[in-house]
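Chemist: Predicted coordinates and the sequence they were generated for:
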There are 2 protein chains.
Amino acid sequence: MAQLTGGDSSLLRRINSAVTLRALREGQVLTLTQLVGETGLSRPTVEGVIEGLIESGLVVEVDPAAAAVAAGTGKPGTESVRQRGRPARHFRFRAEAGHLLGVEIGTHGARAIISDLRGRTLGAYGRPIDETTEADERLALVRGTVAELLRRGAISRDTIWAVGVGTPGVVDSEGVVQLGTALPGWTGLDLANRLRRSFRCPVLVENDANLAAIGEHWKGAAVGRSDVVFVLAGLSPGAGSLIGGRLHRGFGGAAGEIGSLHVLGQEAEPSQLLSPSGKRLHDPLDEAAVARVLRLAQEGDHTAMDVRDRFLARLVRDVAALVLAIDPQIVVVGGWASGLAGVVEPLREQLSRLCLRPPEVQLSALGDAAIAIGAVKLALDHAETQLFSVEQ
Amino acid sequence: MAQLTGGDSSLLRRINSAVTLRALREGQVLTLTQLVGETGLSRPTVEGVIEGLIESGLVVEVDPAAAAVAAGTGKPGTESVRQRGRPARHFRFRAEAGHLLGVEIGTHGARAIISDLRGRTLGAYGRPIDETTEADERLALVRGTVAELLRRGAISRDTIWAVGVGTPGVVDSEGVVQLGTALPGWTGLDLANRLRRSFRCPVLVENDANLAAIGEHWKGAAVGRSDVVFVLAGLSPGAGSLIGGRLHRGFGGAAGEIGSLHVLGQEAEPSQLLSPSGKRLHDPLDEAAVARVLRLAQEGDHTAMDVRDRFLARLVRDVAALVLAIDPQIVVVGGWASGLAGVVEPLREQLSRLCLRPPEVQLSALGDAAIAIGAVKLALDHAETQLFSVEQ
């Protein structure tokens, strides 16, 4: 990117580069003539721009024969040969010229996904982390997770253009966790700065449910929908929403932090919801125990079914409050609760009873990867802003 | 407006007119020289544009002496006299060239407000309407309310440029009430078309709480705040919200329709909330009875205080759900419940307990007029779009 933002480039040249690059990125392999047609620039201008882009490593000239095979014509450059007496030059965007990294830092683990400059996933790696792990150790384990992912994919750290990070809690625009009760020592942590030391590129931090909403909108259950509510179901539920296709963070970055909704109805504490006895579980965040209860319920255990029903009642209430406030086109339910058999049907039923205009309800299509995929998209958007920006 | 959108005007001329008009509208009385400075247009261009605007009735030349007095200088055009040997011509925007009408159609009455083209209120008139009144009769009473307002202000119907209308329920972008249970015969009513017959100008219909949010943002408790939730407290509460200064209508226009939230906690029916005995009031929508109960509570009646507290608990729950979902900068509470003594303090207290980032909480500054004032703003925005638009 440095080549495109250098102080010696004129604004016009930068605009021409951005236009040419965009055409190549969307149009696969193109000839000079095709680029002239796509961009509306003159042939000499495109030639000059292309030379610069090749130097910067973002574009490469390809063998016309290979390009024709790739395009499925089987007739390599014949037309241009006829017209000009020499083969047309073919170019493609080098999506492999850089990488984007998406990281989820969760209560029970870390997960990292690496993509190319088109956002195609190249690899993923995750590891469990004990929920009691303190911040310093947790960050070390996150760095280890990223290192292992890069090692397995033989990807150099220096090729990463931007890093997106998802975490529970309220995150401000500087990447500081303003409030994060789900992870020990998390509140007040300058997460962006702490992680920036490990990379030579921008590190962007966002709330986990917000990233899951972005992820599902990009590649999951909410593709093509502009008004989306994503509910990260769990013992401490969170939500992220897109309004008009854009993330709605709220005035203080706390939109969708619905964890305290349950207090309003004087129902059981969240930790009690999944205790068969109705008492606090020994470990309120023991999601393995939760999964066990859900499995028992599916197998017909009546106590477990009762617990599951109480959980479902709370989920419905949380989602209904969001839907009534925001009126989205679609609600996507994710998080571990999405493993709950038949959660979608009763949710649909209840919402159509409660809402004036019930939204579509879908299970997450990305599952456990939703947050990390949203983090990749956050990084990709940042990289594209720089790539296609024409302002200094 | 017809003069500005005529087919014979060139785009450039229209742009120049819009620019000049905007300068005059914001800058009070201006001279030609000042207009040249404000607009960046040439003197002959401004002269031509001004002649057109005077012909259309939107601008008038004023007496320099009067203008100087109005501007508080006391030295009428001396500088220009020195420079050019003749007095400078002064012009002002004719805010009185047209009017905007805001109408609230409520369960218990109608209210209309008329303003000039700057949005200054020129008059208001309201009358009670029985809640059982059917749609046809209700519309006749609304027309009568408007007629009486115009009669009192000696304002001709033909000078109205746009009409904004607020009503309970879900209203679609065409002005059809998709769902409106608070008023008899309201669901399915093509309200915009029914009212359009009475006017020779655009009629725009919007949900009442949405308009109250716009009204408070324009002239009330939320001036200068871009993220606003307005709660129309009452037996069937509604809410409107602005996100980034713009109305958030929701995907289906139902955002903020939180009337069914109470069902989620299995609390009493809304009609029961304000019955001292806990039983249904004879008339669930008898707001006079509600006001009586609130007054008794203020006077120390223990049964009434208990009823008020249950009402408050519901209000807190409704508002908290909205705040957690949207994370606004400010919550404005209006509707008749705003008459409830001390509603704001307990609401603030509860919200700071429940919300990660508690918002500012204020009582409506516009009171009963909030919806009609928002309706005027809706009409004003429409008129300005046409006035300052440069596209056909």
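Modeler: Received, thanks.
Chemist: CA only for contacts and neighbour counts going forward, please
Modeler: Noted.
Chemist: And the average pLDDT for stretch A:245-253 is what?
Modeler: Mean per-residue pLDDT for stretch A:245-253: 91.
Chemist: and the residue lying closest to A:E134 once chain neighbours are set aside, how many neighbours?
Modeler: Nearest non-adjacent residue to A:E134, counting by Cα to Cα, 6 or more residues apart in numbering or on different chains: A:P184, 5.4 Å away. When neighbours are defined as other Cα atoms under 10 Å in any protein chain shown, A:P184 has 15 of them.
Chemist: A:P184 reaches A:D136, doesn't it?
Modeler: No. Using Cα atoms under 8 Å as the test, A:P184 is too far from A:D136 to be in contact (9.9 Å).
Chemist: quick one: contacts of the host helix or strand of A:V49?
Modeler: Following DSSP states H and E, one finds A:V49 within helix A:43-56. Helix A:43-56 is contacted from outside by A:1, A:3, A:13, A:16-17, A:20, A:32-33, A:35-36, A:59-61, using Cα atoms under 8 Å, 6 or more residues apart in numbering or on different chains.
Chemist: right, and out of those, which lies closest to chain B?
Modeler: Of all those, A:N16 has the smallest distance to chain B: 28.6 Å, by Cα to the nearest Cα.
Chemist: Where does that closest one sit: helix, strand or coil?
Modeler: Recorded secondary structure, A:N16: helix (DSSP: H, G, I helix; E, B strand; the rest coil).
Chemist: who's in contact with it?
Modeler: A:N16 makes contacts with A:L41, A:T45, A:V46, A:V49, as judged by Cα under 8 Å, 6+ apart.
Chemist: And the pLDDT at it?
Modeler: For A:N16, the pLDDT comes out at 86.
Chemist: which bits of chain A sit near chain B?
Modeler: By the rule Cα under 8 Å from any Cα of the partner chain, the part of chain A lying against chain B is A:179, A:227, A:239, A:248-258, A:260-261, A:263-265, A:317, A:320-329, A:354-357.
Chemist: which residues of the stretch 1-150 of chain A fall in strands?
Modeler: Ranges of strands in the stretch 1-150 of chain A, per DSSP state E, counting those that start in this stretch, are A:30-31, A:59-62, A:90-93, A:99-105, A:109-116, A:121-128.
Chemist: what's the most buried one of the ones you listed?
Modeler: Across the strands of the stretch 1-150 of chain A, averaging neighbours per residue (mean count of other Cα atoms under 10 Å in any protein chain shown) puts strand A:99-105 on top, at a mean of 29.
Chemist: I'd like to know which elements that strand is packed against.
Modeler: In terms of contacts (3 or more Cα pairs under 8 Å, 6 or more residues apart in numbering or on different chains; DSSP states H and E), strand A:99-105 is packed against strand A:109-116, strand A:160-167, helix A:370-388.
Chemist: what's the first one in contact with?
Modeler: Think strand A:109-116. Contacts for strand A:109-116 (Cα under 8 Å, 6+ apart): A:95-105, A:121-131, A:141-142, A:145-146, A:149, A:369, A:372-373, A:376.
Chemist: try 6 Å
Modeler: With contacts defined as Cα atoms under 6 Å, 6 or more residues apart in numbering or on different chains, strand A:109-116 is touched by A:95-96, A:99-104, A:121-129, A:142.
Chemist: first to last residue in stretch A:144-161, what's the distance?
Modeler: Using Cα to Cα, to the nearest Å, the end-to-end distance of stretch A:144-161 comes out at 19 Å.
Chemist: now what about it, what contacts it?
Modeler: Contacts for stretch A:144-161 (Cα under 6 Å, 6+ apart): A:G98, A:H99, A:L100, A:Y125, A:C201.
Chemist: ok, which pair from those is furthest apart?
Modeler: For these, the farthest-apart pair by Cα to Cα is A:Y125 and A:C201; their separation is 20.5 Å.
Chemist: Which is the succeeding secondary structure element to the longest helix seen in chain A?
Modeler: What stands out as the longest helix in chain A, according to DSSP state H, is helix A:302-326. Sequence order places strand A:330-334 as the next helix or strand after helix A:302-326, per DSSP H and E.
Chemist: who touches that following strand?
Modeler: Residues outside strand A:330-334 that contact it (Cα under 6 Å, 6+ apart) are A:V228, A:V229, A:F230, A:V231, A:L232, A:A233, A:P359, A:E360, A:V361, A:Q362, A:L363, A:S364.
Chemist: Give the rounded mean pLDDT of it.
Modeler: For strand A:330-334, mean pLDDT rounds to 93.
Chemist: contacting residues around A:R89?
Modeler: Taking Cα under 6 Å, 6+ apart, one finds A:T31 in contact with A:R89.
Chemist: quick one: it from A:V19, how far?
Modeler: A:R89 sits 19 Å away from A:V19, taking Cα to Cα as the criterion.
Chemist: Output the below-cut-off pLDDT ranges for chain A.
Modeler: Along chain A, segments meeting pLDDT under 70 span A:1-10, A:66-85, A:235-236, A:260-291, A:336-342, A:389-392.
Chemist: any idea how it splits into domains?
Modeler: Domain assignment for chain A by automatic domain parsing gives A:2-96, A:98-213+A:371-388, A:223-365.
Chemist: gap between the second one and the chain center?
Modeler: Just to be clear, that refers to domain A:98-213+A:371-388. Between the centre of domain A:98-213+A:371-388 and the centre of its chain there are 10 Å (Cα atoms, centre = their mean, to the nearest Å).
Chemist: Endpoint to endpoint, it covers what distance?
Modeler: Span of domain A:98-213+A:371-388 from end to end, Cα to Cα: 15 Å.
Chemist: The last one now?
Modeler: The first and last residues of domain A:223-365 sit 10 Å apart, counting by Cα to Cα.
Chemist: what about the residue lying closest to A:V319 once chain neighbours are set aside, helix or strand, and which?
Modeler: Nearest residue to A:V319 in three dimensions, chain neighbours excluded: A:V231, at 7.2 Å (Cα to Cα, 6+ apart). Taking DSSP H and E as the criterion, A:V231 maps to strand A:228-232.
Chemist: That strand pairs with which strands?
Modeler: Taking DSSP bridges as the criterion, strand A:228-232 sits next to strand A:238-243 (antiparallel), strand A:330-334 (parallel) in its sheet.
Chemist: now what about it, what contacts it?
Modeler: For strand A:228-232, the surrounding residues in contact (Cα under 6 Å, 6+ apart) are A:209, A:213, A:238-242, A:328, A:330-335.
Chemist: For beta bridges, what are the partners of A:L232?
Modeler: Beta-bridge pairing for A:L232 (DSSP bridges): A:G238, A:G334.
Chemist: can you count the residues close to it?
Modeler: The local packing of A:L232 (other Cα under 10 Å) involves 28 other residues.
Chemist: repeat for A:P328
Modeler: For A:P328, using other Cα under 10 Å, the count is 30.
Chemist: now swap in A:E26 and tell me
Modeler: Around A:E26 there are 11 other residues, counting by other Cα under 10 Å.
Chemist: Skipping adjacent residues, who's closest to the residue of the stretch 101-250 of chain A found nearest chain B in space?
Modeler: Residue nearest to chain B within the stretch 101-250 of chain A: A:G250 (4.6 Å; Cα to the nearest Cα). Distances taken as Cα to Cα, 6+ apart put B:D327 closest to A:G250, at 4.6 Å, once the chain neighbours are dropped.
Chemist: Equivalent analysis for A:L32, please.
Modeler: With Cα to Cα, 6+ apart, the residue lying closest to A:L32 is A:R89, at 6.4 Å.
Chemist: Quick check: the one you found vs chain B, distance?
Modeler: Separation of A:R89 from chain B (Cα to the nearest Cα, to the nearest Å): 43 Å.
Chemist: And that residue, how close does it get to A:T31?
Modeler: Distance, A:R89 to A:T31, by Cα to Cα: 6 Å.
Chemist: which ones are touching A:H217?
Modeler: By Cα under 6 Å, 6+ apart, the residues touching A:H217 are A:V223.
Chemist: Where does it fall, secondary structure wise?
Modeler: Under the criterion of DSSP H and E, A:H217 resides in helix A:208-219.
Chemist: export that helix as CSV, just CAs?
Modeler: This file holds the C-alpha atoms of helix A:208-219, laid out as CSV (Å, rounded to 0.1, in the frame of the first residue of the first chain):
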residue,chain,number,x,y,z
ASP,A,208,-17.8,-9.8,19.1
ALA,A,209,-21.5,-9.8,18.3
ASN,A,210,-21.0,-6.8,16.0
LEU,A,211,-18.4,-8.7,14.0
ALA,A,212,-20.7,-11.8,13.9
ALA,A,213,-23.4,-9.6,12.4
ILE,A,214,-20.9,-8.3,9.8
GLY,A,215,-19.7,-11.9,9.1
GLU,A,216,-23.2,-13.3,8.5
HIS,A,217,-24.0,-10.3,6.3
TRP,A,218,-20.8,-10.9,4.3
LYS,A,219,-20.8,-14.7,3.9
